[in-house]
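Chemist: I'll drop the sequence and a predicted model, then ask my questions.
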Amino acid sequence: MSEPPAPIPGEEPAPPARGGLTRRRLLAWIGIGAGGVIAAGGAGAAVRGALNGVWSSGQGEPYELWHQWESLTGVEAIVAAGVLAASPHNTQPWQFTVAGETVEVRSDPMRMMPVTDPASREHHAGLGCAVENMAVAARRQGLDTGVTVVPAAADPELVARVTFVPGAPMSVEDRTRAAAIPRRHSDRGPYTDTPVDADVLAGFEALAGAGEQARLLVIAGATARAAIGELIVRATQAIVDDAEQSAEGFSWFRNDRADIDRYRDGLTLDGQGLDEVTLAFAKILPASSREDGDRFWLNTTRDVATKTAAAYGIVVVDDVYDPVLQFAGGRLLERAHLHATELGLSFQHMNQVTERIDRARATGSRDALTADWTAALGIPAEQALVAFRLGHPTRTPRPSPRRAVTDVVTG
């Protein structure tokens, strides 16, 4: 669930090149002001802006579920909540089979990322996120949830059976948590320099109930945060230097509105945490190359994400390579994101380090991060499943596209 490169570079300003502007010239473009943009781009800029959704961010069919979810009822509302959950690179790795009060949650193997996520830790965590959202949505209807995890040996694609039975009436806490489902979005923009209160951070660590298979470790000290940030930047550099890993991540970036409407998944310009003016210019400009996107991602990871994180969170399990624990960790990860949404805090998945550790393990190449990751976290790297950053927002994050419920329900 780390952030793959977005096609907006962050390099030094340069005058617009003869033959047309590109996102490569974005910073220079901003410097000449909106009037200069229109003059420079002419009718072509206006057409690109219209086609690329400059005036329709977060609107249309790929975003309808975010706006409609609270009006849904029954099993449709529960499955729709699963669709609105977090997932690695917004791959939406799930399929659902509905039979009465039971929903089977299945892994979609076509939505795996074997280069970036060779151990499938992010893939299975995303499936756990979906089930956690479904459980929260069920409580909104006064239903309790039973989850039976299915071992891969029995059926490699069937992950869990989720059943719903009448329970206690919805509580105020249930209502508040459910209300966070359509408001939960990843915030990849800058956070303020206001610390998160220590009691609030302790509340995150208390989200794991007794006997759960996953727990949360929250790290807020300045020295530890700096060490973690430095490792995340190192890992990001390693990813952009790895042509296969970079290309796979970039393949999930939806460059324009036509791709968003076609695929309804992946990461988008809207989700990059840009301010309104920069976002509009980026949509009007022709798309950049993967290499330029890599440069932008590296720069923003170094200068924005790691520099403005008030705290980091780590989902901890006994063995990050156990699919059952990956799934359990995903449930806790989603719970933490919903909790952050309730509190008005920003939340961004930051998994570059673990992606590089798994890449080295899969290829037999030199592992340059495990020892330092263990030292920075104070726990064995083999227990650190996924990571995220927390802080106070400077902007309201925008929604990511989602497939329709009918596209993910089978049988």
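Modeler: Perfect, I can see it now. Since the model is a prediction, treat every value here as computed from it, not as a measurement.

Chemist: strands of the stretch 251-400 of the chain, start to end?
Modeler: 253-254, 267-268, 311-316, 346-349, 384-391 (DSSP state E, counting those that start in this stretch).

Chemist: low pLDDT regions in the stretch 101-250 of the chain?
Modeler: Along the stretch 101-250 of the chain, no part satisfies pLDDT under 70.

Chemist: let me have the strands of the stretch 251-400 of the chain in JSON lines, extended by mean pLDDT, distance to Arg184 and mean neighbour count.
Modeler: Quick note: C-beta positions are derived from backbone N, CA and C, even for glycine. Conversion of the strands of the stretch 251-400 of the chain to JSON lines gives the following (pLDDT from 0 to 100; distance: least, Cβ to Cβ, whole Å; neighbours: other Cβ atoms under 10 Å):
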{"stretch": "strand 253-254", "mean pLDDT": "94", "distance to Arg184": "20", "mean neighbour count": "24"}
{"stretch": "strand 267-268", "mean pLDDT": "95", "distance to Arg184": "16", "mean neighbour count": "24"}
{"stretch": "strand 311-316", "mean pLDDT": "98", "distance to Arg184": "15", "mean neighbour count": "24"}
{"stretch": "strand 346-349", "mean pLDDT": "98", "distance to Arg184": "8", "mean neighbour count": "25"}
{"stretch": "strand 384-391", "mean pLDDT": "98", "distance to Arg184": "12", "mean neighbour count": "26"}
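
Chemist: and the contacts of stretch 144-164?
Modeler: Residues outside stretch 144-164 that contact it (Cβ atoms under 8 Å, 6 or more residues apart in numbering) are 75, 78, 95, 101-109, 124, 127, 131, 134-135, 138-139, 143, 165-168, 323-324, 327-328.

Chemist: restricted to helices, list the residues you listed.
Modeler: With helices defined by DSSP state H, the entries of the contacts of stretch 144-164 inside them are 75, 78, 124, 127, 131, 134-135, 138-139, 323-324, 327-328.

Chemist: which one of those residues is nearest to Asp303?
Modeler: Comparing the ones in helices among the contacts of stretch 144-164 against Asp303 with Cβ to Cβ places His124 closest, at 32.0 Å.

Chemist: could you check the pLDDT of the residue lying closest to that closest one once chain neighbours are set aside?
Modeler: In space, and not counting its chain neighbours, His124 is closest to Gln326: 3.6 Å by Cβ to Cβ, 6 or more residues apart in numbering. pLDDT recorded at Gln326 is 98.

Chemist: ok, now Thr22?
Modeler: 54.

Chemist: returning to that earlier point: with distance to Leu274 added, can I get the strands of the stretch 251-400 of the chain in TSV?
Modeler: Output for the strands of the stretch 251-400 of the chain, formatted as TSV (distance: least, Cβ to Cβ, whole Å):
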stretch	distance to Leu274
strand 253-254	14
strand 267-268	11
strand 311-316	23
strand 346-349	14
strand 384-391	17
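
Chemist: relative to His89, which of these is closest?
Modeler: strand 267-268 (6.4 Å).
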